[in-house]
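[1] Mind looking at a prediction? Sequence and model below.
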Amino acid sequence: MKFKIDRHILLRPTSLLGLGVVALHLILAIGAPWIAPYDPTALMGGRIESPSAEFWMGTDALGRDYLTRLLYGGRTALLATFTGVVAAVSIGSILGVAAAYFGGLFDDVMMRICELKLALPGILFVALFVTGFGESMLTLIVLIGLVYFPGVVRIVRAQALTQVNLGYVKAAQLRGESALAVILREIYPNTLDVVYVEFAIRMSHAILLLSTLSFLGLGISPPTPDWGLMVSEGVAQIAYAPWLVLAPAIFISTLVLGLNFGAEALASALGLDATRGHVEGS
Amino acid sequence: MNRLEVNGLNIGYRKTSGEVVPAVRRVNFTLKAGMSLGIVGESGSGKSTVARALLGHCRPGGVITSGAVRMAGQDILALPEAERRALRGRHIAFVPQNPLSSLTPHLRIGDQVLEAVRHLRGFDKERARARVLELFEATNLPKPQELYERYPHQLSGGQRQRVVIAAALAGEPELLVLDEPTTALDKTTEAQVLELVRELRERFNASLVYVSHDLGMVSRMCDRVIVMHQGRIVEEGAASTIFSAPSHEYTRQLIAAIPRIDAPVAERPMRQTDSPPVLEARHLRFSYGATGGWFRRTRAEAPVVLEDLSFTIRRGETLGLVGESGSGKSTAAALVAGMLSTDQGSMAFNGKPLPGLATQRPLALRRQIQIVFQDPLSSLNPRQRIETILSRPLAMFEGLKGDAARARCEELMRDMHLSPDLLECYPRQLSGGQQQRVAIARAFAARPELIICDEVTSALDVSVQAQVLDLLMELQRSKGTSYLFITHDLGVIRRMADHLIVLQNGRVRESGPTEQVFDRPQSPYTRLLLDAASLHAVQPLAQAVSRHRVSPVPTSSHETDPHHRSTPGQARQLPAWP
């Protein structure tokens, strides 16, 4: 029983729905090259064709198959956000544990950096960053990492603070373990449940952020298929081809919703939410 | 007529799977007006669950599956919730275990009790306020007027418990249910609170249900005693007879397991007093604040926690440090362990100077001084298997890896009378006693010469506590390890220690061979401690009452408010170990 996971909570309808939707998105994104009927950048048909047997979701303004682009769009979204969030969560959580462990100046400096970031208006920061470093996949990944790590630091630090004064940490210190060993071997594993939940929540935020950026023209650049970009391109045709906006919007919102339900289910299954009454003997 | 009648009470806890696990089975008892009943049992015996059910209440997940609780003939479990709520406070009141968490931190003490008085008695503000002050006086709280304006964190533990009792009395209930009201308090404070409860019971003519794990204390507080084990009543009888003639095997075990301060120090093997000293400490002094953090200025008047402590521990010997909370005994442990460094004074280990902080000590020295903590669960990493926990010191101190380490782990487990199969488990899967044995095994893994035992048994039930103490003595005999044994429990220390130091407010009040301190205490403080503790010794009720109409311990320093001069904002916080 490495983690005390409550299976009954994972089997609740909302949990199943959330986890199922996320799983479906993952399958579609990973399997896109095999599932998708056409090449995402190939001009296959006429401009803005309505859904038909040949083009299930119609074609876009350049005559590319819309279904193919939707499927490939998931790859872009998930790849960029996953890499960025993994970076944010792994770096942020270790810094958070370190801040709690060392305390003092290191903790103070870490916390001020986080507060500085949290005090900056998000979109402004993002816009400046993208303008400064140019629009590329790498810029976006680094950006997502930068945007989300302060929150992770704070959450994980709070969790680690409950641990640093416990006997097992003291025992390790008295044994003469190095600071790195105490942080990584003793304390870090005890913050992992928070870290996992944090990862799921940040993922859903990051997907929204990436779509927003692409919609504003600050994110993924054409011709790479991306949902945010597709919404923005489809807006002009919304009067007579509403599916061009609706389809990518539905893909974005189901993925975000699924991640949110999934994160919530994970949090309660790990016993991290305060709302669930706990059962104990006398 | 019976004031309280409990018939066939069954209570269970609902697991998330929906299945109800029985926690209390077929509990029956009656309580006459003005009488008191004690419910005794280990943790998990269902005693607190029964106590709550008397108010028609359950912990989250709890379900009363069947049975009746009759107050003056009326089954309160059959009443609708609204009527049941009207009963609470007016006819039956509850005093919970932890007084700090049952008071709201941001409200003034007086206002919290005022709310209870106004709600229960319907008084207007002026009258209610006068009533609150009366209640504070009745519960022997000092300076009621001043106390009214204080916040919970500014009160001592004993004062908080008095406030909670005052609030429980607000509605002048006929029945008072006290759930381990003194477990969180030290012995002298506990004695005062018990005396208060006894007094109030007579004054308010209330019936009492007293829940505790302390059989000795309950048998002196109550007329009748119920012993619970695994959700069932195993014995019921008059308090005076339950000790002299326990009929159930479990009760006999409970009685035998209580460390008695009047027990002969017999089983201890005689020690050669001339064995070489392992640790010598001279004039240790410690104050918080002397060593400041990054931005913290050194305070001119740092509170002194420990002053002029000197002692010698010889090979194979146990030195006991006794005192109430705040006496500096845990600070002494932290100094020897190297968690804190002294302001003044010096320590020598095997004749060589011992550096203050563990990080400054060479590996060989760190290995020779080990520590076992109070709370076994938190001293074991919850994400590591027992084998991993034990292997780490083996790898560090002995360079053992792989099969050799595994073999040594199994040997250690057998030394602790634990099955080597448990090496695969995580700490949470073990019982409290097993966890503490693993923590002891981890200390012995380094083959140390000195082990610091910091309240190692205070988190355990009495019967488990006895087993752990026996184990420690057995290990000491076979391995010749010295112990620095720290506790607030005089019964435990009498059993374990060869020499004893009594600490109060960071100063040594008395020291000497254990027997001498117990038989011929020199300082008034030691006598006070022994008096308070003998209140808990096992003896017939009549005798206890006549001997211990406790002279209310006068203005002793720990009952006076520790935060007297401080304002809420700058309340002193308990310093944590770095």
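    Done, it's in. Residues are numbered from 1 along each chain as shown, chains lettered A, B, ... in the order given.
[2] Is stretch B:232-249 in proximity to chain A?
    No - Stretch B:232-249 lies apart from chain A when judged by CB under 8 Å from any CB of the partner chain; the minimum separation is 13.1 Å. C-beta: built from backbone N, CA, C; applies to glycine.
[3] can you give me the end-to-end distance of that stretch?
    Stretch B:232-249 has its terminal residues 14 Å apart, counting by CA to CA, to the nearest Å.
[4] Taking the stretch 351-500 of chain B, what residue is nearest to chain A?
    residue B:379 (2.7 Å; CB to the nearest CB).
[5] got the contact list for that residue?
    A:166, A:167, A:168, A:170, A:171, B:372, B:373, B:439 (CB atoms under 8 Å, 6 or more residues apart in numbering or on different chains).
[6] Which of the residues you listed sits closest to residue B:162?
    residue B:373 (30.6 Å; CB to CB).
[7] ok, back up a step: just the buried ones from the contacts of residue B:379?
    Taking 16 or more other CB atoms under 10 Å in any protein chain shown as the criterion, what is buried in the contacts of residue B:379 is A:166, A:167, A:168, A:170, A:171, B:372, B:373, B:439.
[8] farthest pair in the residues you listed?
    Most distant of the buried ones among the contacts of residue B:379, by CB to CB, are A:166 and B:372, 14.1 Å apart.
[9] circling back: quick one: which of the buried ones among the contacts of residue B:379 is nearest residue A:234?
    So of those, ranked by how close each gets to residue A:234 (CB to CB), first place is residue A:166, at 54.5 Å.
[10] circling back to that earlier point, taking the contacts of residue B:379 one by one, which sit in helices?
    A:167, A:168, A:170, A:171, B:439 (DSSP state H).
[11] isn't residue B:526 right next to residue B:502, touching?
    Yes - with contact defined as CB atoms under 8 Å, residue B:526 counts as touching residue B:502 (5.1 Å).
[12] Neighbour count: the two, which is higher?
    Taking other CB atoms under 10 Å in any protein chain shown, residue B:526 and residue B:502 do not tie; residue B:502 has more neighbours (26 against 22).
[13] Next up, the contacts around the more buried one.
    B:322, B:323, B:508, B:509, B:510, B:511, B:517, B:523, B:525, B:526, B:529.
[14] in the chain, what spans have low per-residue confidence?
    No chain specified, so I'll use chain A. Filtered on pLDDT under 70, chain A yields the residue ranges A:1-6, A:271-282.
[15] let's do chain B instead
    Residue ranges of chain B with pLDDT under 70: B:1, B:16, B:100, B:184, B:186-187, B:259-274, B:289-302, B:534-578.
[16] tell me the domain ranges of it?
    Residue ranges for the domains of chain B, per automatic domain parsing: B:97-172, B:277-292+B:301-537.
[17] Helix, strand, or coil at the residue of the stretch 351-500 of chain B closest to chain A?
    coil (DSSP: H, G, I helix; E, B strand; the rest coil).
[18] circling back to that earlier point, the contacts of residue B:502 in helices, which ones?
    The helices, defined by DSSP H, take in B:517, B:525, B:526, B:529 from these.
[19] quick one: the third one and chain A, what's the gap?
    Meaning residue B:526. 30 Å (CB to the nearest CB, to the nearest Å).
[20] What residues does the residue in the stretch 101-250 of chain A that chain B sits nearest to make contact with?
    Nearest residue of the stretch 101-250 of chain A to chain B, counting by CB to the nearest CB: residue A:167, 2.7 Å away. Listed by CB under 8 Å, 6+ apart, the contact set of residue A:167 reads B:373, B:374, B:375, B:378, B:379, B:380, B:439.
[21] And residue B:511, by the same measure?
    Contacts for residue B:511 (CB under 8 Å, 6+ apart) come out as B:311, B:499, B:500, B:501, B:502, B:517.
[22] which one of these is nearest residue B:241?
    Distance to residue B:241, by CB to CB, is smallest for residue B:517 among the contacts of residue B:511, at 33.3 Å.
[23] Isn't the closest one up against residue B:498?
    No - counting by CB under 8 Å, residue B:517 does not reach residue B:498; the two are 11.1 Å apart.
[24] overlap in contacts of these two?
    With CB under 8 Å, 6+ apart applied, the contact sets of residue B:517 and residue B:498 do not overlap.
[25] quick one, which of the two is more surrounded?
    Using other CB under 10 Å, the more surrounded residue of residue B:517 and residue B:498 is residue B:517, with 26 against 22.
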